Every structure is written in C-alpha cells, then in structure tokens.
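Participant: This is a predicted model, with the sequence first.
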Amino acid sequence: MAEKSYRDAIREAMMEEMDRDEKVLILGEDIGVYEGTFRITAGMLKKYGPKRIIDTPIAEAGMIGTAVGMAMFGLRPIVEMMTMNFSIVAADQIVNHAAKVRYFSGGQVDVPVVVRGPQGAGVQLSAQHSQSLESFYGHFPGMHVVAPATPADAKGLLKTAIRGKDPVLFLESAALYGMKGEVPDDPDFTVPFGKSRVAREGKDVTVVSYSRMLQLSLQVAEKLSQDEGIECEVIDLRSLRPLDMDPVYASVAKTHRAVVVQEQWKPYGAAAEISASITEAMFDELDAPVARVTGEDVPMPYARNLELLATPHGPEIIHAIKKVMYANG
Amino acid sequence: MAKAKKESSSAVADPACAPEWSDLLEEMIFIRRFEEATEREFRKGKIGGYLHVYIGQEAICSGIISALNPGDAVFCGYRDHAQAISLGSDPKRVMAELFGKAAGISKGKGGSMHLFDAEHGLFGGYGIVGGHLPLAAGAAYALRYQETDRIVVCYFGDGAMNIGSFHEAMNMAGLWGHQGMCPIIFVIENNGYAMGTKLERHSALTDLSARVQAYDIPTEKVDGQDIFAVRGVADRVVRQVRETGKPYCIEAVTYRFSGHGAADILQPYRPKEEVEKHRQRDPIVILRSRLAEVCGLSDEDVKAMDERAVAAAANAVRFAEESPVPEPEELLTDVVAEHGPHWVREDETD
C-alpha cells in the first residue's frame, strides 16, 4: 500500500494497463503534446508514442465513434473527455452505437471502450461545464457507469473497465483529483463492478452515495457521531450500472431509515432510482420515507454564492438524516 | 447463392468475358429478386419495422465488394441487404433476420437495418444516418495498428453528408491518413436524395467529392450504374488503400428505383417521369447487354440465372417462414458481456 492521489491512481491504472497490453491506447483532446488539461496523461506521449497517445481534433463524436470502431476490432481504447460534459456532443456514438452494437449484432462483437473524464460542480465553471451525467448514461442498457469515490477505487475500477468487454462510462470527480488515499501496489489489483461497499458502519441511518458526495456523507457521519451520537451507515455504490443494492438492503434492514445523496438534479436522478428500489424491496422495514439530498433544479450558475446554493452541502445531509429520524425539532 | 456458371464460347479474349462478370451479373440479379421478395413479404406483414431495398444500386455493392479480400471489413447504413449477400452471408439467414427469427444473422435482434455478419466481413448495418462513419474509420485505424493489410469499406448515402459524425470521421481519417493509419474506402452512394430531400435542397454545395476533398481525402466520381466502371475504380483504389494506409473516397452516382423505404409509396418528392428516366439505366441491364454484345451471353443464359435467383429468393423466404422465433431468454442475452440484465418487469418480491 502507498498513499496516492485520486489523479495519480487514474494515471497509474492507465499506464500499468498500457504496459501490460499493447491493445490499450488513449484518445483525447490535448492529451499528448499539451499533456492533458488535468495532466493525467502528462509524459505519456513520450513514453508510448503518437500511435497510442492520440491527440484528436475537438470532435467528440469523432473520437468516441472511432474508439468504438477500434474496440470492435480488438483494441482497448480509452477516450479522455476534457470534461464529461463534452461527451454529450457524442451521445449518439455512446448510447446508439457503443451501447447497442453488441445487442443488435446478436453478440458478434465486444466493445471494450472506456470513456473517462472529470465531472461535477464546485469551481465556478457554470452551466455547461458542471454537470453530473450518471443518471443520463445510467438510463441506457448496454454499458456500465462507474463513479469512484476513493483513489483505490479509481484505480481498481478503471483497471476493470479497461480489461472488460463492454463500454464503460468512467465518471471521475474533478473535485477529488487531489484527494489522497491508500492504493494497493499490486499491478493486478482490480475492483469489480457491481459491488457496493460499506464505507462506514452504523446502526441508526443508512446513507447511500457515490463519488464526491460519498466523501461529504462520510464527513457528515463523523460529525453527527461526535456531536450527537448518531451513527450513520454509509454505503458507497461505486458503480451505478450495474447497481448492487444488496448491501443497501442489508443496511436498511438494520437501520430502517435511508437517505440518498447525489450532486445532480433531483428529477429522474440516480437517487430516484435508488430510493424507489429501497421502497420496492424494503417497504415493510422502513420507519420513514426515503429522503433524497440533491442539487437544486437549475443550470449551474457562475456566481460563487449561487453555486454554493445549487449544490448539496453538509447541513442539507444532516437535515435529511434527522428528518428520517423524526429529529428535526 | 449459387455460383454456377458456364464458359462463354465467343470472345473469351475480352477481359469483360472473364467468368467473374457473369457471376457478378448473377449476383446482381439475385440481389434484385431477393429485394423484390422482401418488399412482397413486407406488404404481407411478414417483415416488420422499416425496410430499405437496394434496387437500382446493385452495381455499387457488387462492383466494390468483389474487389475485396477475405478479412476486409464493410460498414454500411440501413440499406444493407445487398452488402450482406455480396459478402457471402447465407441469404436464408439474411431473410430470417428480416422475419425476426432465431436463425437470422443477428439472431433476430437487429432486423433489416442492422444486418451483421462478422465472419463474412459485414460489421453492420446502422440505423442512424452517418453515425457509422466514425466506427469505420476507427476500425481502419485498428487494422493498421495491428499491422494487418486488411482494409475497410464504408458505404453511406449523400444524405449522410450533412451530419456532424460525417465531418468528424472524415477529418480524423484525413489526419490519420497522413500517417498511413487509415486504410478505408468511403463510398458515397449518391442517389440524389436524402430520404425525400433532393440533393440541391439538402447540400449547399452539390459537388459532393469537393466536400470530401476538404478533408484531404482524394475522391473519384464514377457512374454507379455501370459495374465495369465501378469495379475498374475499385480494383485500383483497393490496391492503393491497402498499400498506403490512406483513405480514399469513391462517389458512385446512382438512383434508387424503389421508394426510400417500403412505406414510401406515394413518393411526392420526385416525379414519375424522373424515376422512369433513371430506370432506363438499370445496372443489371447495362451489364447483361454488355455481356450479350461482347461475350455472346444468350437470353437463355440470363433466363437460367433469373430462374435460379427467383428460386433462391423463394427458398430464403420459405426458410425464414419456417424458422422458429427467438427463445424468450434471448431478450436478455448480448446486452453486455458481464453483469447482464435480469427480468425487471416481474416483481421479484412476489
């Protein structure tokens, strides 16, 4: 084990996979000569050469579509989105091509393409650069949607994505790039998709989240434990599709209360899916309706004070936890 | 299809009389009869969804695919039946796909628009106009990256040239071609209409080749009704692309004799006289006449070919009709390789 940043964990996962398998290559805007907007691919052009580190035009449908074709022909392309927001430009290539060609061909091709990059709000990038797309992509069958919350998971899940046979939307949290954590050294360390994790044990309330909101939920849980003796059990979903609800159900069976925390908009969001699943499976166990903590239902504003109002913070999570405990005074 | 042929007795020295040409004539006749059969079965309700037939454009498919090697890869839009047949897919299984049967070449999961037969080099069959171009360019990169000499052929219509993925794919193919990393032949099947919108109304610049040249991809215009012309270009271009790893574009000027799709009955966007005029340049008649004139192909020869084609098409229909539908379990397979779905519409808590 060594302490590494979320950013370095992603970089290491890609480099280790490129070292072990020549079929792995990376495409993206300014990933080579410019060395990457977030410097995740810094130095890679020199190490792997321009055939494997492909600087593309600003053309998301082109770079993702060509990567899908490469994947169908035996390569394992990773496409770096400068931000995941730009992947919407290529939505047709992702949801109509990558996610469907296996099915409509009757299973004649594998499509091991990874589309990865940062998403989320918090640094005043305003409306077009601050979105979270897990529920958008999670809606479509035919691909996996992953959102790691720790450096170890970032590395282990990315390796699973690169080694797999299916399209993966690998949603990184821009706000977590600098976060440090223990990461196993074993080059074959992987984290499977569809395995939620109990990030913190507790007996009073189940808090379900992923990515950056998972870290925020953990901070809230510590605070509530210290200040008020409320013990939250925090579940990290890690992958949104496949979605592993079993640890959530097991936790709710113990706590009988659940709060789901996400950064994106409330309508049709991931929390809606998770909350509905809890209600369908665990209705008789619940002592309160499942609560959702989400972003406000507006395009992201630029002004710092408005941006803070638009995204979830600790007090909202605390409020929701107390609400399901009927403890809001 | 049956590849039975006989040696012509006269003028064997003319290269046009090589047995391959009569094979191609027979293939084109079969494609025509097959497509006519699909139209009939569509009207009977045996084929669902959309159905886009290739009638009138046969020379472009047969003329280029016959110049390819095994291992080369073909991508095309949803007007894809002819490509499957030319590449050697079993017509019975192609028809079974259109009928939504388990024996279909895509297990009945793709239908007319998504024919797919990797074993024979057909990599789809795509339903979003122009959406497949980036895939094809990426496939070409992958083939060169893996140091093979395989190439890609990507068919699309003039109507596909206005969508973003066309431009993005062309630009990237042009760039990768500079490194010899994109062995692909783009084939514009310019039939003059984007569905029902005439070329002059859908493309600000009607010189389509010029639009491709903007991406530093050489282009060549060819009479798409004349298979000798198409094949002549294809032989040279296939060799060149295979050697250089650089993209090339063939603009084949053609005309679709049938409607856009089987439901396009009225065709208010084009006068009947225009259709009649173009029908005079039937690619099958052009090839047949040439073979009759130069090589002594007899009416009896042609009649025999046609009878075989009609019988093979009928045989395909019969096979499709008698084949079983996919098992219900097939609904959930081939979605993803791992972590596939389960039945979500049954209440699991019951």
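Facilitator: Thanks, I have the structure now.

Participant: All the helices of the chain, residue numbers only.
Facilitator: Answering for chain A, as no chain was given. For chain A, the helices identified by DSSP state H occupy A:6-20, A:44-48, A:60-72, A:91, A:101-104, A:134-138, A:151-163, A:211-228, A:246-255, A:270-282, A:304-310, A:314-324, in order along the chain.

Participant: To clarify, I was referring to chain B.
Facilitator: Taking DSSP H as the criterion, chain B contains helices spanning B:19-43, B:58-65, B:81-87, B:91-98, B:133-145, B:164-178, B:199-202, B:208-213, B:227-244, B:272-279, B:283-295, B:299-322.

Participant: okay, those in CSV with mean pLDDT and mean neighbour count next?
Facilitator: Where you see a C-beta, it was placed from the backbone N, CA and C, and this is true even at glycine. Written out in CSV, the entries for these read as follows (pLDDT from 0 to 100; neighbours: other C-beta atoms under 10 Å in any protein chain shown):
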stretch, mean pLDDT, mean neighbour count
helix B:19-43, 97, 21
helix B:58-65, 98, 29
helix B:81-87, 98, 27
helix B:91-98, 98, 26
helix B:133-145, 98, 29
helix B:164-178, 98, 23
helix B:199-202, 96, 13
helix B:208-213, 95, 18
helix B:227-244, 98, 18
helix B:272-279, 96, 12
helix B:283-295, 96, 19
helix B:299-322, 98, 17
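
Participant: which stretch among these comes nearest A:Val123?
Facilitator: helix B:164-178 (28.8 Å; C-beta to C-beta).

Participant: list the helices and strands the closest one packs on?
Facilitator: Helix B:164-178 makes packing contacts with helix A:60-72, helix B:133-145, strand B:184-190 when contacts are defined by 3 or more C-beta pairs under 8 Å, 6 or more residues apart in numbering or on different chains; DSSP states H and E.

Participant: Could you check the angle the last one makes with helix B:58-65?
Facilitator: Pointing back at strand B:184-190 there. 170 degrees (axes from the mean of the first three to the mean of the last three C-alpha atoms, to 10 degrees).

Participant: again, but for the second one
Facilitator: Angular relation of helix B:133-145 and helix B:58-65 on a 0 to 180 degree scale: 20 degrees, by the same axes, to 10 degrees.

Participant: now helix B:133-145, how far from the centre of its chain.
Facilitator: Mean C-alpha position of helix B:133-145 versus that of the full chain (C-alpha atoms, centre = their mean, to the nearest Å) differs by 19 Å.

Participant: How about the shortest one?
Facilitator: Mean C-alpha position of strand B:184-190 versus that of the full chain (C-alpha atoms, centre = their mean) differs by 11 Å.

Participant: contacting residues for the residue most central in space within chain B?
Facilitator: When C-alpha atoms, centre = their mean is applied to chain B, the residue found nearest the centroid is B:Gln83 (3.4 Å). Contact analysis of B:Gln83 by C-beta atoms under 8 Å, 6 or more residues apart in numbering or on different chains lists B:61, B:65, B:74, B:76, B:115, B:122, B:155.

Participant: Reformat the helices of chain A as TSV; add mean neighbour count.
Facilitator: Output for the helices of chain A, formatted as TSV (neighbours: other C-beta atoms under 10 Å in any protein chain shown):
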stretch	mean neighbour count
helix A:6-20	21
helix A:44-48	16
helix A:60-72	30
helix A:91	16
helix A:101-104	24
helix A:134-138	22
helix A:151-163	24
helix A:211-228	20
helix A:246-255	18
helix A:270-282	19
helix A:304-310	13
helix A:314-324	19
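
Participant: Those: which one's closest to B:Leu51?
Facilitator: Across the helices of chain A, the minimum distance to B:Leu51, taken as C-beta to C-beta, is reached by helix A:101-104, at 15.9 Å.

Participant: what about that closest one, distance to the chain center?
Facilitator: The gap between where helix A:101-104 is centred and where its chain is centred comes out at 25 Å by C-alpha atoms, centre = their mean.

Participant: neighbouring contacts of that helix?
Facilitator: Under the contact criterion C-beta under 8 Å, 6+ apart, helix A:101-104 has outside partners A:68, A:72, A:108-111, A:141-142, A:166, B:106, B:109-111, B:114, B:116, B:124-125, B:135, B:334-337.

Participant: which of the residues you listed are buried?
Facilitator: Taking 16 or more other C-beta atoms under 10 Å in any protein chain shown as the criterion, what is buried in the contacts of helix A:101-104 is A:68, A:72, A:108-111, A:142, A:166, B:106, B:109-111, B:114, B:116, B:124-125, B:135, B:334-336.

Participant: can you tell me which of the residues you listed are in strands?
Facilitator: Counting by DSSP state E, the members of those that fall within strands are B:124-125.

Participant: circling back to that earlier point, in TSV, list the helices of chain A along with mean pLDDT.
Facilitator: Converted to TSV, the helices of chain A look like this (pLDDT from 0 to 100):
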stretch	mean pLDDT
helix A:6-20	98
helix A:44-48	98
helix A:60-72	98
helix A:91	98
helix A:101-104	98
helix A:134-138	97
helix A:151-163	98
helix A:211-228	98
helix A:246-255	98
helix A:270-282	97
helix A:304-310	96
helix A:314-324	98
